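Peer 1: kindly return the folded structure for what I paste below:
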Amino acid sequence: MEMTTLMKKKIEGGREYRALNMGAVNDDEFIVEGYATTFSEPYYLYTTQNSKGEEITVYEQVLKSAFDDTDMSDVIFQYDHEGRVFARLSNETMELEVDKHGLKTRAYLGGTEIGRNLYQEIKGGYTNKMSFGFTVKADDIKPYKEKDYIRTISKIGKLFDVSAVSYPQNDWTEISARKHIDGVIDEVETERLKAEELRNQLQKQKDDLLNRIKGLRKD
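Peer 2: Next up is the predicted model:
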């Protein structure tokens with residue numbers, strides 16, 4: 001799906017998006033459910049290049065504590081983050097629960113005809129992903145594995161919506177994530193290179209000192 005002007009504005013405003021699996025669970029009640037995110041389980045975010053032009057992969061994880069102070073006052077359920085509202089917290093057609101695994105989402109889609117149609121699409125497997133829109137209040141980025149990095153989200157500021165999506169929006173995810181992450185990675189890379197250079201200098205000084213000691217012993 002092509003990114004719309006509205007989606008671009010949302011991303012420019014600091015909103016980020018992630019996609020996970022969802023499914024239909026009750027034919028009589030038209031309920032769908034899934035996890036908007038899971039906790040402390042690193043997942044692939046995107047691939048970029050470091051200051052040396054080397055390819056690096058950025059991973060991400062969300063801490064359970066990230067939702068301790070999150071504004072979830074009126075989260076809505078949409079399709080592709082736009083248009084009609086199929087369910088929402090304020091009228092109790094949507095539920096959000098933070099459990100030990102993640103942020104569990106349940107939505108009742110039987111209130112409107114188009115909602116019931118969307119339920120049938122989800123049930124039939126034509127739409128099997130959901131994405132949620134949020135802002136990040138606190139995070140950090142650290143080296144991960146060899147040359148890769150991991151972003152840990154410790155505080156989510158606001159949860160806007162959970163949406164059924166026709167196709168996982170990897171381009172939205174990459175654009176929104178890169179907007180907030182690449183600059184920090186550059187800073188971490190710079191510090192890493194400075195530390196590496198300092199280690200090399202210290203090692204050279206150590207080697208020079210050892211050679212001088214060897215020379216004195218020969219004399």
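
Peer 1: what about the host helix or strand of K9, average pLDDT?
Peer 2: For K9, the enclosing helix or strand under DSSP states H and E is helix 5-12. Helix 5-12 shows a mean pLDDT of 79.

Peer 1: what is that helix packed up against?
Peer 2: Where contact means 3 or more Cβ pairs under 8 Å, 6 or more residues apart in numbering; DSSP states H and E, helix 5-12 is packed against helix 170-218. To be clear about C-beta, it is placed using only N, CA and C from the backbone, and glycine gets the same treatment.

Peer 1: which non-adjacent residue is nearest L63?
Peer 2: S154 (5.2 Å; Cβ to Cβ, 6 or more residues apart in numbering).

Peer 1: ok, back up a step: can you list the strands that the helix or strand following the helix holding K9 pairs with?
Peer 2: Scanning forward in sequence from helix 5-12 by DSSP H and E, the next helix or strand is strand 16-26. When sheet partners are counted by DSSP bridges, strand 16-26 sits next to strand 31-38 (antiparallel), strand 129-144 (antiparallel).

Peer 1: surely V75 meets L159?
Peer 2: Yes: between V75 and L159 there is a contact at 5.3 Å, judged by Cβ atoms under 8 Å.

Peer 1: tell me, what's touching those two both at once?
Peer 2: L96 (Cβ atoms under 8 Å, 6 or more residues apart in numbering).

Peer 1: check the gap between T105 and E174 for me.
Peer 2: 23 Å (Cβ to Cβ, to the nearest Å).

Peer 1: more neighbours: those two, which one.
Peer 2: Neighbour count, other Cβ atoms under 10 Å: between T105 and E174, T105 has more, with 24 against 15.

Peer 1: perfect, I'm done here.
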